[in-house]
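Q: my questions concern the predicted model and sequence given below.
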Amino acid sequence: MFKNNINTTNSTGNIIELSDVMIRQEEHIILRNVNLMLQSGEFLYLTGRVGSGKSSLLKTLYCEIPLLHGTGFVLGYDLHNIKIKQVPWLRRKIGIIFQDFQLLIDRNVYENLIFVLKATGWKNKTEMDHRVREVLSEVDMVHKGYKMPHQLSGGEQQRIGIARALLNEPELILADEPTGNLDPDASDDLMKLLNRISGTGKAIIMATHNYNLIKKFQGKTLRCEDTHLFEPVSEINNID
């Protein structure tokens, strides 16, 4: 496993600090005047209509969308001045969970996870095997390593997606509509898992428009609307 020798300590103790940030793609302004702070162990919901900027904000945090306006720090990295060679180091400290799972369909669960470890610099086979078994145990899927993705339910596939996000022991997890393809029972199980993970000290930002989940599983809520990010007065009563 590669070790990052860059000092990314943030003197304020915040995992994320955004100040007066504008997020744009070409000439299209997606969000403006974004101010956000997040600390270890916090669970934050991002809500808003489709196309309101939730995913764009998450992509800005892991440098898929460059930060051109305002000040932004994630895990000590300056998003405005980050160098291309530093981006992989930042992303190794972030776990990303996708709505559509994004598992490799031509290999089993174990091989999916081994592939990620190799891609992020792990070399020792024994250490890789141990880490895969650890994360599968964390998501209650330790006996599913031999299964192909198509043999798993949607909820099980998303659990593997969470296991993948945990592989490099990230300090921050970004989840983009992780329950969007799941039924209510599977969604509840997934939220219980995410809350358990948050309880270990990891910060989580989850984009969602599922207000029933927000009612059941409390967390701070911010809404994207009309190019702004704000804390709604009563988010759970403001159902799209």
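A: Yes, it's here. This one's a predicted model, so the numbers in the text were calculated from it and none came from an experiment.
Q: ok, the one helix or strand Ile205 maps to: who's next to it in the sheet?
A: Assessed by DSSP states H and E, Ile205 sits inside strand 203-207. Here strand 203-207 has these sheet partners by DSSP bridges: strand 43-47 (parallel), strand 172-176 (parallel).
Q: give me every residue that touches the most centrally placed residue in the chain.
A: In the chain, the residue lying closest to the centroid (C-alpha atoms, centre = their mean) is Leu174, at 1.4 Å. Residues counted as contacts of Leu174 (C-beta atoms under 8 Å, 6 or more residues apart in numbering) are Leu58, Leu61, Tyr62, Ile94, Gly95, Ile96, Ile97, Ile204, Ile205. The way it works is simple: take the backbone N, C-alpha and C, and place the C-beta from them, glycine included.
Q: tabulate the residues you listed (TSV), appending pLDDT.
A: Putting the contacts of Leu174 into TSV (pLDDT from 0 to 100) gives the following:
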residue	pLDDT
Leu58	96
Leu61	97
Tyr62	95
Ile94	96
Gly95	95
Ile96	94
Ile97	95
Ile204	96
Ile205	97
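Q: now render the strands paired with strand 203-207 as CSV, adding distance to Lys54.
A: Formatted as CSV, the strands paired with strand 203-207 follow (distance: least, C-beta to C-beta, whole Å):
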stretch, distance to Lys54
strand 43-47, 5
strand 172-176, 7
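Q: so which of those gets nearest Ile160?
A: Ile160 lies closest to strand 172-176 among the strands paired with strand 203-207, at 14.0 Å (C-beta to C-beta).
Q: distance between that closest one and the chain's centre?
A: Strand 172-176 sits 1 Å away from the centroid of its parent chain (C-alpha atoms, centre = their mean, to the nearest Å).
Q: from here on, call the first residue 271.
A: With the count now opening at 271, the last piece we talked about shows up as strand 442-446.
Q: what sits up against the helix or strand following it?
A: Remark: after strand 442-446, the chain's next helix or strand is helix 454-468, criterion DSSP H and E. In this structure, residues lying in contact with helix 454-468 by C-beta under 8 Å, 6+ apart are 311-313, 408-410, 423-425, 428-429, 432, 436, 443, 445, 448-449, 452, 474, 476, 480, 482-483, 486-487.
Q: buried stuff in helix 454-468?
A: For helix 454-468, a neighbour-count test (16 or more other C-beta atoms under 10 Å) marks Ala456, Ser457, Asp458, Asp459, Leu460, Met461, Leu463, Leu464, Ile467, Ser468 as buried.
Q: and which of those is nearest Gly340?
A: Distance ranking of these against Gly340, using C-beta to C-beta, places Ser468 first at 26.9 Å.
Q: I'd like the distance between the closest one and Gly431.
A: 16 Å (C-beta to C-beta, to the nearest Å).
Q: what do you get for Ile352?
A: Counting by C-beta to C-beta, the gap from Ile352 to Gly431 is 26 Å.
Q: cool, thanks, talk later.
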